[in-house]
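[1] please find the sequence and the predicted model below.
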Number of protein chains: 2
Amino acid sequence: METDTPTRYRQLVEHLRTRGYRITPQRLAILRVLAESDGHPSAEQVFEGIRESYPTTSLGTVYKVIGVLREMGEVLELGFADDSNRYDGAKPYPHPHLICVRCRKIMDPQVSLVDDLTQEVAERTGYHVISHRLDFYGFCPDCLAEG
Amino acid sequence: METDTPTRYRQLVEHLRTRGYRITPQRLAILRVLAESDGHPSAEQVFEGIRESYPTTSLGTVYKVIGVLREMGEVLELGFADDSNRYDGAKPYPHPHLICVRCRKIMDPQVSLVDDLTQEVAERTGYHVISHRLDFYGFCPDCLAEG
DNA sequence: ATAGATGCAAATATTTTGCCGCCTG
DNA sequence: CAGGCGGCAAAATATTTGCATCTAT
């Protein structure tokens, strides 16, 4: 049910190639970070993660590649009012997020009621619901322990 | 259970006064727009709404007043990745939103399962959940009819 | 060989901040 | 009348775009 990191990485490369995009070292480095990250990195964080393996890549290129992946539906973009955008290339479909207000960690909770809630919204309003963005804010167990 | 517009307007004025903030014509105009709007206006839209009644107010002042209200918890800020931020001064507590992807209208669906979902998230993760942001995207009935 | 990608820098858009004169309390 | 507030403009931040050069195919 969960796609593992190496598989997801190869998947992303393959999808780009299939669509006729060129496979460059910069793109491979960016794809690896996006496939590996479970922490929902910002563009800046992807950029940092690439400096180690491929130091000459520019931030502009990171944005351009993310833009392509976003249009392809291979990356989920999470916008925040205060922070910069965060990206999820591991699970690019809508799913709930749980954000620690203290350490800013973002995790994916496993929940069963999402479909029920979505259906309730659709039935009560007459909308044709096609997507969602469900964020919960709170304190993670680690931060609760630390006080 | 719903606070009507005039009541909410007086409430906002009173809350500002109580906290020691000065009541100026500009602030009254901004508060009226925020209390009246059910459409979740942007700062720019609040600014436009004020030009009619109080043409000399500046956009900077709109941002400053919204900033004060946000810190007081009297306005809910909704950030979007692509769009500018939207503000809800009528119901400044967390609640689900339903956003039409065609006409960009934002409405508040009436749902019962939100608390259940929140509790499920908390129980399954050990987080202490304190807030949420629940957005559903789709086509509103009007846009469905128009094709 | 060539269309497309990179890198750099300038442009854009939104929100925040600084400062001075004015008005509320 | 004193300190907060409004208006204006500059600054700060995040992202997009333009263009010359380079490279994957």
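    Arrived safely. Just so it is clear, the structure is predicted and the values come from calculations on it, not from any experiment.

[2] roughly how far out does the helix or strand harbouring A:Cys143 sit from the chain middle?
    In this structure, A:Cys143 is located in helix A:141-146 according to DSSP states H and E. When C-alpha coordinates are averaged (Cα atoms, centre = their mean, to the nearest Å), helix A:141-146 and its chain have centres 25 Å apart.

[3] excluding covalently adjacent residues, which one is nearest to A:Leu31?
    The shortest distance from A:Leu31 to any non-neighbouring residue, by Cβ to Cβ, 6 or more residues apart in numbering or on different chains, is to A:Leu12 (4.6 Å). (Glycine included, C-beta is placed from N, CA and C.)

[4] re earlier: hey, C-alpha coordinates of the helix holding A:Cys143 in PDB?
    Output in PDB follows, covering the C-alpha atoms of helix A:141-146 (Å, rounded to 0.1, in the frame of the first residue of the first chain):
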ATOM      1  CA  PRO A 141       4.400  13.300  21.800                       C
ATOM      2  CA  ASP A 142       8.000  14.300  21.900                       C
ATOM      3  CA  CYS A 143       7.200  18.000  22.500                       C
ATOM      4  CA  LEU A 144       4.600  17.100  25.100                       C
ATOM      5  CA  ALA A 145       7.200  15.100  27.000                       C
ATOM      6  CA  GLU A 146       9.700  18.000  27.000                       C
END
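
[5] can it be found next to chain B?
    Yes: residues of helix A:141-146 contacting chain B under Cβ under 8 Å from any Cβ of the partner chain: A:141, A:144.

[6] how many neighbours does A:Leu31 have?
    When neighbours are defined as other Cβ atoms under 10 Å in any protein chain shown, A:Leu31 has 24 of them.

[7] er, A:Val121 actually
    Applying other Cβ under 10 Å, we find 23 residues neighbouring A:Val121.

[8] roughly how far apart are it and A:Asp115?
    Between A:Val121 and A:Asp115 the distance is 11 Å, computed by Cβ to Cβ, to the nearest Å.

[9] what's the answer for A:Arg102, then?
    A:Arg102 sits 30 Å away from A:Asp115 when distances are taken as Cβ to Cβ.

[10] state the pLDDT value of A:Asp83.
    Reading off the confidence values, A:Asp83 has pLDDT 80.

[11] correct me if wrong: it contacts A:Ser42.
    Yes: using Cβ atoms under 8 Å, A:Asp83 is in contact with A:Ser42, at 7.5 Å.

[12] so A:Asp135: helix, strand or coil?
    Put simply, A:Asp135 is strand when judged by DSSP: H, G, I helix; E, B strand; the rest coil.

[13] look up the closest residue to A:Tyr54, ignoring the ones flanking it.
    Leaving out its chain neighbours, the residue that sits closest to A:Tyr54 by Cβ to Cβ, 6+ apart is A:Ala29, at 4.3 Å.

[14] circling back: is any residue of the host helix or strand of the residue nearest to A:Leu31 near DNA strand C?
    Per DSSP H and E: A:Leu12 is located in helix A:5-18. No: on the criterion Cβ under 7 Å from any atom of the strand, helix A:5-18 is out of touch with DNA strand C, staying 8.2 Å away.

[15] so who does the residue nearest to A:Leu31 touch?
    A:31, A:34-35, A:69, A:74, A:89 (Cβ atoms under 8 Å, 6 or more residues apart in numbering or on different chains).

[16] now do A:Arg133
    Shown in contact with A:Arg133 (Cβ under 8 Å, 6+ apart): A:78, A:94, B:133-135, B:137.
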